[in-house]
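J.: Sequence first, then the predicted structure, then my questions.
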Number of protein chains: 2
Amino acid sequence: MSESWLDTVKWNADGLAPVIAQEAGTGKVLTLAWTNREALAATAKEGRAVYWSRSRRKLWRKGEESGHVQRIKDIRLDCDNDAVLLLVEQKGGIACHTGRERCFYQQLQGDRWVAVEPVIKSESEIYGKK
Amino acid sequence: MSESWLDTVKWNADGLAPVIAQEAGTGKVLTLAWTNREALAATAKEGRAVYWSRSRRKLWRKGEESGHVQRIKDIRLDCDNDAVLLLVEQKGGIACHTGRERCFYQQLQGDRWVAVEPVIKSESEIYGKK
């Protein structure tokens, strides 16, 4: 299959683009991550979210340790060709490494960020045992 | 009001963080933009989305030319403190400069990006006359 669709994406100076994961069923925005050519190609080919981990500097198959795989329902590109949106089905109902449903759990209340969404599973429960 | 909440955000080397605008009513992800200290402070203070335009290198009060203002319903920060989510009410029902409801209108179909959402207003209609 042609990979010219990957050339359409305007990758930044580091070869990356921001990618939003949104839960298809509920519409909840789960995570803002990063992708590159290899990660986006793998996402499309494998039908699961594959990100680029900037901290570990390698491909990150979401759920490879936790089991919290994100199955792809739709892949979108924005008008400037520099941001990607994934509609996903979130396995296990947990997207965040903190054990919450999603990463955007801190709400601005006045001049403070307040964690307003509960921890469903502890990090040790998610990652401690295989 | 204290601005220590702005110190909590992990700004990148350029002093920026990616910010997602999501329509509160429909759950649609509208836009991926960028914010900085000044833009995020203005967003919270004014109750409307204010972004940092990387191309124009200045604050961009969303809707200042088009009238397509985004009223803020909720401001969220992610677990890594480096990405922001705005829940907004989109005035005029158009977030994208192309005259579409939102920026994520290109869908990956096989190996092509296909525009799958209609233009509601032409760019000249939006920006041509004041």
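T.: Received the coordinates, thanks.
J.: Which positions in chain A make contact with chain B?
T.: A:1-5, A:8, A:18, A:20, A:22, A:26-29, A:31-32, A:44, A:74-81, A:83, A:85, A:96-98, A:100, A:103-108, A:110-113 (C-beta under 8 Å from any C-beta of the partner chain). Just so you know, the C-beta spots here come from the backbone N, C-alpha and C atoms, and that holds for glycine as well.
J.: In helices only, show me those.
T.: A:4, A:5, A:8, A:44 (DSSP state H).
J.: so who does the last one touch?
T.: When the contact criterion is C-beta atoms under 8 Å, 6 or more residues apart in numbering or on different chains, the partners of residue A:44 are A:72, A:75, B:108.
J.: was I right about residue A:79 contacting residue B:98?
T.: Yes: between residue A:79 and residue B:98 there is a contact at 5.3 Å, judged by C-beta atoms under 8 Å.
J.: Specify the residue positioned farthest from the middle of chain A.
T.: residue A:110 (28.5 Å; C-alpha atoms, centre = their mean).
J.: Check what pLDDT that one gets.
T.: Residue A:110 is assigned a predicted lDDT (pLDDT) of 96.
J.: Find the nearest non-adjacent residue to the closest residue to chain B within chain A, please.
T.: Minimum separation of chain A from chain B (C-beta to the nearest C-beta) falls at residue A:27, amounting to 2.9 Å. Taking C-beta to C-beta, 6 or more residues apart in numbering or on different chains, and ignoring the residues beside it in sequence, residue A:27 has residue B:27 as its nearest neighbour in space, at 2.9 Å.
J.: for that neighbour, what are its contacts?
T.: A:26, A:27, A:28.
J.: Give me the pLDDT value at it.
T.: 98.
J.: What are the phi and psi values at it?
T.: phi 80, psi 0 (degrees, to the nearest 10).
J.: From residue A:96, how far off is it?
T.: Applying C-beta to C-beta, to the nearest Å, the value for residue B:27 to residue A:96 is 19 Å.
J.: Same question for residue A:31.
T.: Counting by C-beta to C-beta, the gap from residue A:31 to residue A:96 is 7 Å.
J.: shared neighbours, these two?
T.: A:102, A:103.
J.: what ranges do the strands span in chain A?
T.: Ranges of strands in chain A, per DSSP state E, are A:17-23, A:29-35, A:50-53, A:58-61, A:70-77, A:84-90, A:106-109, A:112-115.
J.: could these be laid out in JSON lines, adding mean neighbour count?
T.: Shown next, in JSON lines, are the strands of chain A (neighbours: other C-beta atoms under 10 Å in any protein chain shown):
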{"stretch": "strand A:17-23", "mean neighbour count": "23"}
{"stretch": "strand A:29-35", "mean neighbour count": "24"}
{"stretch": "strand A:50-53", "mean neighbour count": "20"}
{"stretch": "strand A:58-61", "mean neighbour count": "15"}
{"stretch": "strand A:70-77", "mean neighbour count": "20"}
{"stretch": "strand A:84-90", "mean neighbour count": "23"}
{"stretch": "strand A:106-109", "mean neighbour count": "18"}
{"stretch": "strand A:112-115", "mean neighbour count": "13"}
